[in-house]
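Novice: just a sequence and a predicted model for now, questions to come.
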Amino acid sequence: MYCKKECIAMLLAGGQGSRLYALTSKTAKPAVNYGGKYRIIDFPLSNCINSGIDTVGVLTQYQPLALNDYIGKGAPWDLDRIRGGLTVLPPYQNGKNADWYKGTANAIYQNIDFIRKNDPDNVLILSGDHIYKMDYAKMLDFHKEKKAACTVATITVPIEEASRFGICNTHEDGSIYEFEEKPKEPKNDQASMGIYIFTTSVLLEYLEIDENDPESSKDFGKNVIPNLLRSGERLFAYPFSGYWKDVGTIASLWEANMDLLAEKPELDLRTRFFRIYSRNSARPPQFIGKTAEIESSMISEGCTVYGTVRHSVISGGSVIGRDAVVCDSVIMDDVVIEPGAKVYYAIVDSESVIRSGVTVGSPDAGKERITVIAKGSDVNENEEGTVGTK
Amino acid sequence: MSTTGFIFSNLNSNTLSLLTSDRTVAAIPFGCRYRLVDFALSNMVNSDITDINIIANYNFRSLVNHIGSGKDWDLARRSGGIKILSPGQEARQADAMVYSYRLEALRSIRDRISELTSDTVVLTDSDHLCNIDLNDVISFHKANDAEITFVTVQSKIGDATRDPQTAIQSDAKGRITDIVKSTGYDPDHPLRSIRLFVLSTEFLVRSLDEAVARNYHSFTDDIIMHSPEKRRFFSYCFHDVVIPVTTFLDYYRANILLTTDAGARNAILGKWERPIYTRVHNSPPTIYREGCCVKDSLIADGCLIEGTVENSVLFRGVKVSRGATVRNSILFGDTYVGQGSSLNCIVSDKNVVISDDQNLSGAGSTPFYIAKNKRI
């Protein structure tokens, strides 16, 4: 069915997230659990629907089972539409060859037909790696107002960390004159968020050029954006302010969860406006027993708490037994912490069991030494959890 | 062969009048995140009954809102799915009436019933909460070649109800030998109907024809109680937990029971193979702040708790401020409890605001109700 769209989104959700170690051994990074009831991909998908973008291609590649299962037809985000909606775009075989997605640009290139079919004026490129709320409609307005070929969303980062990012050097009007991917000596602190809006014709043209360049590593930040600049296209930086967190490492994922426990969290999930949607599994309400002690924590549906929970995020269906202690930790779905077990500074992945008497992590470990318990682990006494970062 | 479900949304609303001033019985909030109708609906869905009709009469706006497309119960279907039958059928007639009896309700949708292709029908009110596998009842019904099967519970000595209940006597095989109306424990009729029935479609159609011909109004009085011993009426005795919610006090106690009785809680809400579905709200998880104290309570997502909560049921979006105490209370969605306020045996309807330093108390036998949107 032909239905012209002003802007569609292409969400790159194939990332492995190898620095999340055990958490992503069986799951693509966008499907990693966050904030008690969310997955990372809920954020870009909810942002899309809250910004009026109702056509989203989700490009999957690495361990897509859990991710596909989670996104389904897109119903939780109101993206099960007749016109538009959510489409999962895995790598595929065509006449001559079958290819994995070789880079971010190549992944989009392989799905040019999907873009053409929707015939949008603009294409929004997103990744499934970040926690943030952003109104893409405002960025699209900016893009149109500047008559840009490409707009790059940027955020201010601490200058000492700037060399981890793609840095945009801009003129006063916001136009970009230089884009440096992970510069050794960054000239400023305006980092690319990996969110781009392209005017469709420009995107198609430069994807074609990039694809035919044997030297290219087929990456937006490394190849396509610098190429646009060299050719003198109008590139603009769209400055975003607000909470934005890359949850690519164990420490940052843990920290992003802990950020929600602040008295006034920078990322407010409680506002009715711009709500973050997630797939719900019909769980009963949470039950807090007589012996429970809870402080500065976030607990989700289906949990049963008889023990002590301090400064932790507990996801749906988990059980914290009597005299068990959970401190400064992230407990994912359907975990059982048996009576008397203790968990400090840890991320415990779904369906794990921590047996009575076991202590995971230590009270003085701190955020640099987070213990990770892989999905479905059965942690007995005498057994150490998988330590993800040291 | 398939089964069709019918749910009566608003029988017996007069005994729950506080909670039904602007909603039907089916839409009464219950147990943190549910509405009463969710239990009847989920029992049907979990028993593979996916052609369901809710017979509404009045005040059903909140019910329509709750059900939406039926997607949250997996009932947004091309074939079957959920339908809310509003009382429009006879509204054009001069003597149009809103039903007050089950039989009148069924008469009003007689054309729909006569079109049914399923051989079995499940009829239920929404005021008895249980988690039951209806396939067991239907198998029992078919094995007995029954016309109607009543789901019943054993009544106990000391049971007393304000309104007469259907009390049943049956033989060892479950065949009903007598039916009476009783307000208390009756040793000769030890089974009590929980107003959940399985009928053969043919029997239902025949009964409705007869009801029209003879101008019957009451299903129980005019059809069931006529020499039941000569008919193929059966009783399926259900031995798990059933919680009646027929009066306001019942309603209050049923909610509190879920906080005090783990057995009842698990029997109703905790069966992972038969979850209770409800409308999804996308509330964030509940936040427990430093200094809060929560004991024996059932809490929905989306709450913010800074104070003390004991033996209470908190619906979505409730806020209990610092220094506030909530005991033995049921707080509906978005209730706000101000700093230093103290609540005991309160049922607050949606969006109630209780300002700082208020002291409100009902009693366990007469809980105090605060109407929707009220500010105190």
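Specialist: Ah, there it is. Numbers count the residues shown, from 1 in each chain, chains lettered A, B, ... in the order given.

Novice: how close does the closest residue to residue B:205 other than its chain neighbours get to chain A?
Specialist: Excluding the flanking residues, the one nearest residue B:205 by CB to CB, 6 or more residues apart in numbering or on different chains is residue B:114, at 5.8 Å. In short, each C-beta sits where N, CA and C put it, glycine included. Shown here: residue B:114 relative to chain A, a distance of 34 Å by CB to the nearest CB, to the nearest Å.

Novice: same check, this time on residue B:156
Specialist: Distance, residue B:156 to chain A, by CB to the nearest CB: 27 Å.

Novice: surely that residue touches residue B:184?
Specialist: No. In this structure, residue B:156 sits apart from residue B:184 without contact. The criterion is CB atoms under 8 Å, and the distance is 10.3 Å.

Novice: more neighbours: these two, which one.
Specialist: When residue B:156 is set against residue B:184 and neighbours are counted by other CB atoms under 10 Å in any protein chain shown, the residue ahead is residue B:184, at 13 against 9.

Novice: and the strands in the stretch 201-350 of chain B?
Specialist: Counting by DSSP state E, counting those that start in this stretch, residue ranges of the strands within the stretch 201-350 of chain B are B:233-237, B:243-244, B:286-288, B:293-295, B:297-299, B:304-305, B:308-310, B:313-314, B:319-320, B:325-327, B:330-331, B:336-337, B:342-344, B:346-348.

Novice: what's the third one packed up against?
Specialist: It stands for strand B:286-288. The criterion is 3 or more CB pairs under 8 Å, 6 or more residues apart in numbering or on different chains; DSSP states H and E, and the helices and strands that strand B:286-288 contacts are strand A:297-299, strand B:304-305.

Novice: list the helices and strands the longest one packs on?
Specialist: Using 3+ CB pairs under 8 Å, 6+ apart, the elements in contact with strand A:297-299 are strand A:308-310, strand A:313-314, strand B:286-288.

Novice: please identify the most buried of the helices and strands packed on strand B:286-288.
Specialist: The highest mean neighbour count among the helices and strands packed on strand B:286-288 belongs to strand A:297-299 (a mean of 28), with neighbours defined as mean count of other CB atoms under 10 Å in any protein chain shown.

Novice: any idea of the pLDDT on residue B:183?
Specialist: In this prediction, residue B:183 carries a pLDDT score of 83.

Novice: likewise for residue B:11?
Specialist: According to the model's per-residue confidence, residue B:11 sits at a pLDDT of 68.

Novice: same question for the one 5 residues further on.
Specialist: On the pLDDT scale, residue B:16 is placed at 81.

Novice: let me see the contact set for it.
Specialist: Taking CB atoms under 8 Å, 6 or more residues apart in numbering or on different chains as the criterion, residue B:16 is in contact with B:25, B:28, B:127, B:245-248, B:251.

Novice: with neighbour count added, can I get the residues you listed in TSV?
Specialist: Putting the contacts of residue B:16 into TSV (neighbours: other CB atoms under 10 Å in any protein chain shown) gives the following:
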residue	neighbour count
B:25	26
B:28	23
B:127	27
B:245	25
B:246	21
B:247	18
B:248	18
B:251	25
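
Novice: out of these, which are inside helices?
Specialist: With helices defined by DSSP state H, the entries of the contacts of residue B:16 inside them are B:248, B:251.

Novice: still on that earlier bit, residues near the residue nearest to residue B:205, how many?
Specialist: Each residue near residue B:114 was counted by other CB under 10 Å, and the total is 12.

Novice: list phi and psi for it.
Specialist: Backbone dihedrals for residue B:114, given as degrees, to the nearest 10, come out at phi -70, psi -20.

Novice: of all the helices and strands packed on strand A:297-299, which one comes closest to residue A:288?
Specialist: When those are ranked by distance to residue A:288, counting by CB to CB, first place goes to strand B:286-288 at 8.6 Å.

Novice: pull out the buried residues from the helix ranked longest in chain A.
Specialist: Scanning chain A for the helix with the most residues, using DSSP H, yields helix A:200-211. Judged by neighbour count using 16 or more other CB atoms under 10 Å in any protein chain shown, the buried positions of helix A:200-211 are A:200, A:202-207, A:210-211.

Novice: show me which residues of the stretch 51-200 of chain A sit near chain B.
Specialist: When proximity is defined by CB under 8 Å from any CB of the partner chain, the stretch 51-200 of chain A lies next to chain B at A:75-76.

Novice: and the residue of the stretch 51-200 of chain A closest to chain B?
Specialist: residue A:75 (6.8 Å; CB to the nearest CB).

Novice: against residue B:77, how distant is the residue nearest to that residue when sequence neighbours are not counted?
Specialist: Of all residues beyond its chain neighbours, the one nearest residue A:75 is residue B:71 (6.8 Å), with distances taken as CB to CB, 6+ apart. Summarising the geometry, the distance separating residue B:71 from residue B:77, computed by CB to CB, to the nearest Å, is 10 Å.

Novice: cool, and residue A:191?
Specialist: As judged by CB to CB, residue A:191 and residue B:77 stand 48 Å apart.

Novice: now swap in residue B:334 and tell me
Specialist: The span separating residue B:334 from residue B:77 equals 32 Å under the rule CB to CB.

Novice: distance to residue A:181 and mean pLDDT added to the helices and strands packed on strand B:286-288, as JSON lines?
Specialist: As requested, the helices and strands packed on strand B:286-288 are exported to JSON lines (distance: least, CB to CB, whole Å; pLDDT from 0 to 100):
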{"stretch": "strand A:297-299", "distance to residue A:181": "36", "mean pLDDT": "97"}
{"stretch": "strand B:304-305", "distance to residue A:181": "42", "mean pLDDT": "96"}
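
Novice: ok, residue A:114 touching residue A:57?
Specialist: Yes. In this structure, residue A:114 sits in contact with residue A:57. The criterion is CB under 8 Å, and the distance is 5.2 Å.

Novice: out of these two, which sits in the busier spot?
Specialist: Neighbours of residue A:114 and residue A:57, each counted by other CB under 10 Å, are more numerous for residue A:57; the result is 21 against 16.

Novice: show me what contacts residue 223?
Specialist: Defaulting to chain A. Contacts were defined as CB under 8 Å, 6+ apart; by that measure residue A:223 touches A:103, A:105, A:210, A:213, A:216-217.

Novice: not what I meant, chain B
Specialist: Taking CB under 8 Å, 6+ apart as the criterion, residue B:223 is in contact with B:103, B:207, B:210-211, B:216.

Novice: kindly report the same for residue A:110.
Specialist: Applying CB under 8 Å, 6+ apart, one finds that residue A:110 lies in contact with A:91-92, A:99, A:101.

Novice: just the closest of those residues to residue B:138, please.
Specialist: Nearest to residue B:138, judged by CB to CB, of these is residue A:92 at 45.7 Å.

Novice: hmm, back to that, can you give me the mean pLDDT across the longest helix of chain A?
Specialist: Looking at helix A:200-211 alone, the average pLDDT works out to 94.

Novice: show me what whichever helix or strand comes after it is packed against.
Specialist: Once helix A:200-211 ends, the next helix or strand along the chain (criterion: DSSP states H and E) is helix A:225-230. In terms of contact count using 3+ CB pairs under 8 Å, 6+ apart, helix A:225-230 is assigned the packing partners strand A:150-156, strand A:176-181, helix A:200-211, strand A:235-239.

Novice: buried ones in helix A:225-230?
Specialist: Residues of helix A:225-230 classed as buried: A:225-229 (neighbour count, 16+ other CB under 10 Å).

Novice: same check on stretch B:211-220?
Specialist: For stretch B:211-220, the neighbour count (16+ other CB under 10 Å) marks B:211, B:216, B:219-220 as buried.

Novice: filter the residues you listed down to the ones in helices?
Specialist: With helices taken from DSSP H, the overlap with those comprises residue B:211.

Novice: re the thing from before, a markdown table for the buried residues of helix A:225-230, including pLDDT and distance to residue A:304?
Specialist: As requested, the buried residues of helix A:225-230 are arranged in a markdown table below (pLDDT from 0 to 100; distance: CB to CB, whole Å):
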| residue | pLDDT | distance to residue A:304 |
| --- | --- | --- |
| A:225 | 92 | 50 |
| A:226 | 91 | 54 |
| A:227 | 92 | 55 |
| A:228 | 93 | 54 |
| A:229 | 93 | 56 |
